[in-house]
Every structure is written in C-alpha cells, then in structure tokens.
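Undergrad: structure for this input, please:
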Amino acid sequence: MNAPNDDAFAQARALFLDAVALTESGRHAEAEPRLEAAARLVPDRPSTLLNLAIVRLRLGRLQDALVPLDRLAALQPQDAAAGYQRALALNRLGRHAEALQALDALLAVQPGLAPAHQMRGQTLQMLERHAEALPAYERAVALDPGLGEAWHLLGQMLRDLRRTDDARDAFRRALAAGADPALCRYFLAGLGEGDAPQASPEAYVRGLFDTYAADFEPHLLDVLRYRAHEHVARAAAAHGAAPVDAALDLGCGTGLCGPLLRPLARTLHGVDLSPTMLEQAGRRGAYDALVQADIADYLQNTAERYQLVAAADVFIYVGDLEAVFAGVRRVLAPGGVFAFSVERADGEGSRLLPSLRYAHSEAYLRALAARHGLAVAALQPATLREDQRQPIAGLVLCLRAPA
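TA: As a prediction, the model looks like this:
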C-alpha cells in the first residue's frame, strides 16, 4: 500500500478538525463520516481512530466502536486513552471479564490512572467481586481526591458494609468534589445526616431500575419474596366493582401487577419512570398503553380518568405523597378506588430509612386521605417482602372517591 501523499494528509487533517468541532457541539452523527473518510485517506492514525471510537460510543454503536479501539490496541498497546475507552465499550456490551483484562493491562503500564481504578471497581462489582472492588475505589480517590463519582461509589460500598461513619465521610467528599448534590444529600439523609428530600432523586430511581431491569423480577420474587403486588391487587378486587372501564398501574415497573389487574378492567394503563422496565412490561401483553413519566406529573397532566388506580411498592421512593394524592383525586372517577401499599412507619409522618426507602405512618395516610376527600375503605397490615431474611412490615390501603 502506498504511503499517503501531502494532499491526502491535508484533506484528512481538514476532515478531522471539522469532525472534532462537530463532536464538541454534540453533532456526533455528522462527525462520524468525516472521521471515516479521514481514516481512509490516512489509515491507522491514532488520533483519528480514537475520535472515531468515541463518536461511535456516544452514538450507542458499541460494537462498531470496538473496531477502531481493537486496531489501536494492536498499534499502541500502552495508549491510556484508547485502553480506557476500550474497557468502557466492553463494559457497556456486558463483556465485563474482557473489560477487566483490558483495565488490568492498562494499569500495568499506567498505574497512576485514577479513572481506570474507578472503572475497575465498577467492573469488579458487575462481576460480583465486591470485596475486590473496595480497594479499587480507595486507590482511585487516593490518586485523585477530586473524583466525585469514585467517592460516591466508595460511599455506597461502605454503606452496604455498614461502615456508617466512613460512608458519611465518603459522601461528604463526593459532594465537595462535585458529584451529583441531590444524590449525595439523599444518601447522607439515609445515613441520618441532613433533611430527607420529598422523594428519591429521579436519576437514582431511573438508574437503579434501568441497570437491574433484566434481573429485577427474579431477585424480587425469589430472593426478597416480594408479595406487595398480590396484596394490592387483592384489595382492589375486594373493594372495586370489576370490571371497571379503565385502571391505572402507577409505577408499573416490569408489569408484575398487570396480569392481576387485567381482569379488573376493560382498559389498563401503566406509567413508570424507567424505559427499560416499560419494555419488559410491554412484553407481558397485559397493558393497553404504557407511558414513561414521573407519576405525579402524569397524574397532574393526563386527560384520562380511571375507576381504579393501583400502586404496589411505589411509594417507597416518594416521601411526601401530597402531590400524588392530589393527582389521584384528580383522575379518579366518582366512586373510584385507589389501592396501594407502603412500608409502615411509627409516629405521625413519613421518614427515609437507612435502606433508602421511605416509610409512611397510618396517621399520615389517614390525614392525607381526609384532606383529599378520599374515604378509607380498608387498611390492613401486610408483609411486603423480605430484606436480609427479615420481613418488611407494610400497610395496604383501599381509598374510595365520593360517588
């Protein structure tokens, strides 16, 4: 193959610079063909290959991103930026063992690369090697105390290990280093420091369920012995006039309630924050419509009206239920039923537990129902699930709108 001439270099350079400008403005789809053209004019130029891989990663084209990254690994095995992006692509493809190998090779030649230690900790956690992940995070923050995300990940591990004081310190450092302030304060509130927010941060809830959607249901049913959906559906059936014209499953998740609610309604809608969960709910075939939205926003804005609204194990992520109750009252048809479960709290209000779930008291729920003109048709204690083999005490309520 002939070496590129000066004209080819000049054309490739112009295409490359144009692509970089497009990438910086977020126009990745336009940048990609320019980088491909530059790579054809001057093959195996590391900067072109790396930028082409990054653009494809940002476009979600993970397998295609590996092509230039694998070539770079062959050309420059010690290139830190290329090695890091290759491990990132492998992780996103679910090839965590290969990603770990890539990170170990990278850190063998670049041991001071703090972000690589952080990703190594995340990769080890994905491989269920949690004990090895802790020192990886500790190494990352020791090398670069400004890595807010690494401090946050370290805090979560320390919290799970019940090293409460160390976890608080890690979340404080994460906050100071620029990590998501809402998430940091939420975790700190769960550890007893500061005021609890009115609800779990949207990024936390969506990220949690998007990440674990594939394994969520088997873990919930088989490990945690989850039964809240059955309690709520049973209460709805006992106090509703089935089949109603339309029912709404709030926070429907993977759709566990769908088959149980389907016989109670001619039309069944579901709403949830996580698109990954909604994909699984759609595959059940129980719902006539599924909407990705925050539940309070949906209730305040939808034109639909329902004779039944159900919410199973949803309010563990919502501390202040005022907006939800107002929204339910808005969409609930005369005589309609609102059936839901909560974790049970003592006292008068709601509180954020160390588990990062909200619990609500009977007194709080009765007062809320009265304030919104909903009569308590039924209220009963129930075991919702287990946590570390211990039963989680809850309440199942059925409220009715005026006829």
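Undergrad: in contact with residue 109, which residues?
TA: 77, 78, 80 (CB atoms under 8 Å, 6 or more residues apart in numbering). Backbone N, C-alpha and C define where each C-beta goes, glycine included.
Undergrad: quick check, pLDDT for the closest residue to the last one other than its chain neighbours.
TA: If I follow you right, that is residue 80. Excluding its sequence neighbours, the residue lying closest to residue 80 (CB to CB, 6 or more residues apart in numbering) is residue 110, at 4.8 Å. Looking at residue 110, its pLDDT is 91.
Undergrad: next, count neighbours for residue 110.
TA: 14 (other CB atoms under 10 Å).
Undergrad: got phi/psi on it?
TA: Main-chain dihedrals, residue 110, degrees, to the nearest 10: phi -130, psi 70.
Undergrad: pLDDT at the spatially most central residue of the chain, what is it?
TA: Per CA atoms, centre = their mean, the C-alpha nearest to the average position across the chain is that of residue 207, at 1.2 Å. Note for residue 207: predicted pLDDT of 76.
Undergrad: next SSE after whatever helix or strand it lives in?
TA: Residue 207 belongs to helix 202-218 when assigned by DSSP states H and E. Sequence order places helix 228-239 as the next helix or strand after helix 202-218, per DSSP H and E.
Undergrad: nearest residue to residue 143 in space, please, no chain neighbours.
TA: residue 114 (3.9 Å).
Undergrad: thought the one you found was touching residue 148?
TA: No. At 11.8 Å, residue 114 does not count as touching residue 148 under the criterion of CB atoms under 8 Å.
Undergrad: assumed residue 17 was part of a helix.
TA: Yes. Residue 17 forms part of a helix when assessed by DSSP: H, G, I helix; E, B strand; the rest coil.
Undergrad: can you get me a residue count around it?
TA: 12.
Undergrad: so how far is residue 30 from it?
TA: For residue 17, the distance to residue 30 (CB to CB, to the nearest Å) stands at 14 Å.
Undergrad: and if you look at residue 294?
TA: Counting by CB to CB, the gap from residue 294 to residue 30 is 33 Å.
Undergrad: who's more crowded, these two?
TA: residue 294 (18 against 15).
Undergrad: returning to that earlier point: how about the contacts made by the residue nearest to residue 143?
TA: 139, 140, 141, 143, 144, 147, 150.
Undergrad: returning to that earlier point: quick check: the residue nearest to residue 80 touching residue 79?
TA: No. Contact criterion CB under 8 Å: residue 110 and residue 79 do not qualify, at 9.5 Å.
Undergrad: quick one: common contacting residues for the two?
TA: Counting by CB under 8 Å, 6+ apart, nothing touches both residue 110 and residue 79.
Undergrad: for the stretch 301-403 of the chain, what spans make up the helices?
TA: 322-331, 362-371 (DSSP state H, counting those that start in this stretch).
Undergrad: for the stretch 101-250 of the chain, just list every one of the helices.
TA: According to DSSP H, counting those that start in this stretch, the helices that the stretch 101-250 of the chain contains are 114-126, 130-143, 148-160, 164-176, 181-190, 202-218, 228-239.
Undergrad: quick one: closest of those helices to residue 275.
TA: Between residue 275 and these, the shortest gap by CB to CB is with helix 202-218, which sits at 7.2 Å.
Undergrad: how many residues are close by residue 21?
TA: 13.
Undergrad: from residue 274, how far out is residue 261?
TA: Taken as CB to CB, the span from residue 261 to residue 274 is 19 Å.
Undergrad: compare the two (neighbour count), which wins?
TA: Legend: neighbour count by other CB under 10 Å for residue 261 and residue 274, higher for residue 261 (29 against 24).
Undergrad: what is the host helix or strand of that one packed up against?
TA: Using DSSP H and E, residue 261 sits within helix 258-261. Judged by 3 or more CB pairs under 8 Å, 6 or more residues apart in numbering; DSSP states H and E, the packing partners of helix 258-261 are helix 228-239, strand 244-250, strand 265-272, helix 275-284.
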